[in-house]
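**Q** Here is the input, now give the coordinates:
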Amino acid sequence: MNPLAVTPGLHGPTRSPQGIVWHLPHDATAIPEEVRGQFVLGDQELATEVLRMTDHFTGQLFGLDLGNERVIRVPVSRLVVDVERFPEDRDEPMAAGGMGVIYNRTSEGRPLRRPITERERQALLERWYWPHHRRLEGAVERALVRTGQCLLIDCHSFPSQPLPYETDQSPDRPDICLGTDEFHTPAVLVEATITAFRREGFNVAVDRPFSGALVPLSRYRRDGRVSALMVEVNRRLYLDERTVEWSAAGESTSERLKRVLQRLVTA
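**A** Sure, this is the predicted structure:
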C-alpha cells in the first residue's frame, strides 16, 4: 500500500518521489562569526552545547543528496536560530523555557545568550529564519505542481538519554519516534510507517518522546494536499554519543532506514 495514494485530503494517486520534500533542520553545527559575540559561553562550553543539541549526520543517515532541490537543510546550528519554532514567542511553547526561535538558555537551563535587542532579533530572523522558510515553501510548491500533493518528511535524531530541557524524561526511549500533526498526518500514513519500521526490526513510538510535524506556515492547517511526518532516530543506533562519531552500527541502521522510506514512497 502506498500511503501517498490513499491519504484522505491528498488529491490524486502518485508513486513518485517527486512529491516528497526532505527537511533537515538540526544537523548543522556552524556558529557564524558575526553571531558568536551574542553567546555568553566560552568556546569549549559552546562547542559542547552545539554537539549536544545537534542531530548529527542526519543527511547521511537518511541517505539524502544535499544538492537535491527537494532536500532543504539549515546551514547553521539551531542555537543561532531554530527554524522549527514559531517566529513569535507568544505562539511558541518552548519559549517559556528560553528555547523559542532564538535560544537564550542551554539544554541544562543555564544562560546561553546575552539579552539581544529587537533589532538584533529581527536581523537573525531575516538572515536565517525567513529565507529558510521561503526555500521550504518553494520546495513544497514545486512538489504540488509536479504531483498535486506533497509529503514533507522532517528528519531528526534524538539522544538515547533525555537532556534536562526535554519534557519527556523517561529513560525508556524507542528506536524510532514518529511525530504527527492532527491535520497534516493522516492515520493511514502513520500506520503504514509503523508497519514498515517494525518489519526492519525497529521499535516505534508515536509522538514520544517528541511530537509534532513541521508544515510551512502559509499552509499550516489550511492545505490538505500537504502531509507531514517527523521521523526521529535514536542516536544509539548510529552514533557513538561519547565521541560524536559515526558508529559501527551506523551503516546497517542507515540501510534499514532507507529501505523503510523507499517502501513508503514506492510500495
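**Q** just so I have it, where are all the strands in the stretch 151-267 of the chain?
**A** Ranges of strands in the stretch 151-267 of the chain, per DSSP state E, counting those that start in this stretch, are 176-179, 204-206, 226-234, 239-240, 245-246.
**Q** out of these, deepest packed?
**A** Among the strands of the stretch 151-267 of the chain, strand 226-234 has the highest mean neighbour count (mean count of other Cβ atoms under 10 Å), at a mean of 24. Where C-beta positions appear, they are placed from N, C-alpha and C, glycine not excepted.
**Q** Can you tell me which of the strands of the stretch 151-267 of the chain is nearest to Q44?
**A** Evaluated over the strands of the stretch 151-267 of the chain, closeness to Q44 peaks at strand 245-246, with 18.5 Å, by Cβ to Cβ.
**Q** who does the closest one touch, helix- and strand-wise?
**A** In terms of contacts (3 or more Cβ pairs under 8 Å, 6 or more residues apart in numbering; DSSP states H and E), strand 245-246 is packed against strand 239-240.
**Q** any residues touching the strand it packs on, and which ones?
**A** Under the contact criterion Cβ atoms under 8 Å, 6 or more residues apart in numbering, strand 239-240 has outside partners 56-57, 157, 245-247, 250.
**Q** ok, of those, which come out buried?
**A** 56-57, 157, 246-247, 250 (16 or more other Cβ atoms under 10 Å).
**Q** would JSON lines of the residues you listed with distance to L189 be doable?
**A** What follows is those, written out as JSON lines (distance: Cβ to Cβ, whole Å):
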{"residue": "H56", "distance to L189": "27"}
{"residue": "F57", "distance to L189": "26"}
{"residue": "S157", "distance to L189": "21"}
{"residue": "W246", "distance to L189": "29"}
{"residue": "S247", "distance to L189": "30"}
{"residue": "G250", "distance to L189": "27"}
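**Q** From these, pick the one nearest T185.
**A** S157 (19.5 Å).
**Q** Surely the closest one and E232 touch.
**A** Yes - with contact defined as Cβ atoms under 8 Å, S157 reaches E232; the gap is 6.4 Å.
**Q** Quickly list what's touching both of the two.
**A** By Cβ under 8 Å, 6+ apart, no residue touches both S157 and E232.
**Q** So which of the contacts of strand 239-240 are in helices?
**A** Of those, the ones assigned to helices by DSSP state H are G250.
**Q** Sketch out the helices for the protein, chain order is fine.
**A** Ranges of helices within the chain are 3-6, 33-36, 43-53, 58-61, 118-124, 130-147, 187-199, 250-266, based on DSSP H.
**Q** Not counting sequence-adjacent ones, nearest residue to R78?
**A** Distances taken as Cβ to Cβ, 6 or more residues apart in numbering place H26 nearest to R78, at 5.0 Å, with adjacent residues excluded.
**Q** wait, what's in contact with the one you found?
**A** Applying Cβ under 8 Å, 6+ apart, the residues near H26 are 53-55, 58, 74, 78, 82, 84, 156.
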